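Peer 1: return a 3D structure for these sequence lines:
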Amino acid sequence: MKLTPAVVEAERDWIRERGEIVVPLINDVRAELADAFDTEVEGVDAAGYEAAVDAVFADGDLAVNVAALTRLLRDLDVADDYPGFVVDELLGRELAGCLAGTQPRRLLGEATFHYADITTHTEGPAGADDLDAALAAGFQTRLPGWPWTGRPSPFDVDPP
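Peer 2: The predicted structure is shown next:
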């Protein structure tokens, strides 16, 4: 695989266009997690998703990694699937973490990936459903809508 600025841009465009699949997955994951944690969370719309994709790809260092992980998952297939189970999980978790942001969101994105992966089934190569689950998990974590992301942390410490 060779990554160039043009390839990274093409992956950005592919991920943006995938919004018709990913946005409903994001909203399903958010609804299920909201029920599990007895909280309310706002849904995500296509415009919010596209803006988040654009923000990820505006950071070239992040963009090249996201593009590489996306390309790998798009093409990853293993005969009988199970031997490849570990590698597609590894790549999916890493992609979700990259998309989610810095800690603690990165960890939340990675954890959410495993939840989303259980409920996501995409036809195609073995990595396809991991890719969709990673996009949903990472972007749902990055995007606002959770009550705790809309307020200052009670653990913020003022500088001396």
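
Peer 1: residues contacting the residue nearest to the spatial centre of the chain?
Peer 2: Centroid-nearest residue in the chain, with C-alpha atoms, centre = their mean: Gly138, separated by 2.5 Å. Contacts here follow C-beta atoms under 8 Å, 6 or more residues apart in numbering; on that basis Gly138 touches Leu95, Ala96, Gly97, Cys98, Leu99, Ala100, Gly109, Phe113. Heads up, the C-betas are built off the backbone N, CA and C, glycines and all.

Peer 1: residues contacting the third one?
Peer 2: It refers to Gly97. Neighbours of Gly97 in contact, by C-beta under 8 Å, 6+ apart: Arg106, Leu107, Gly109, Glu110, Phe113, Gly138.

Peer 1: and the helix or strand it falls within, what's buried?
Peer 2: Per DSSP states H and E, Gly97 falls inside helix 85-100. With burial defined by 16 or more other C-beta atoms under 10 Å, the residues of helix 85-100 counted as buried are 87-89, 91-100.

Peer 1: can I get those in CSV including pLDDT?
Peer 2: Shown next, in CSV, are those (pLDDT from 0 to 100):
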residue, pLDDT
Val87, 86
Asp88, 87
Glu89, 89
Leu91, 94
Gly92, 94
Arg93, 96
Glu94, 97
Leu95, 97
Ala96, 98
Gly97, 97
Cys98, 97
Leu99, 98
Ala100, 97
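
Peer 1: could those go into CSV alongside distance to Leu69?
Peer 2: Output for the buried residues of helix 85-100, formatted as CSV (distance: C-beta to C-beta, whole Å):
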residue, distance to Leu69
Val87, 12
Asp88, 11
Glu89, 13
Leu91, 6
Gly92, 8
Arg93, 10
Glu94, 6
Leu95, 4
Ala96, 9
Gly97, 10
Cys98, 7
Leu99, 9
Ala100, 13
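
Peer 1: just the closest of the residues you listed to Val23, please.
Peer 2: Using C-beta to C-beta, Leu99 comes nearest to Val23 of those, at 14.0 Å.

Peer 1: pretty sure the closest one contacts Leu135?
Peer 2: Yes: using C-beta atoms under 8 Å, Leu99 makes contact with Leu135 at a distance of 7.0 Å.

Peer 1: now do the helices in the protein.
Peer 2: Assigned by DSSP state H, the chain shows helices spanning 5-17, 19-36, 46-58, 60-75, 85-100, 105-119, 126-142.
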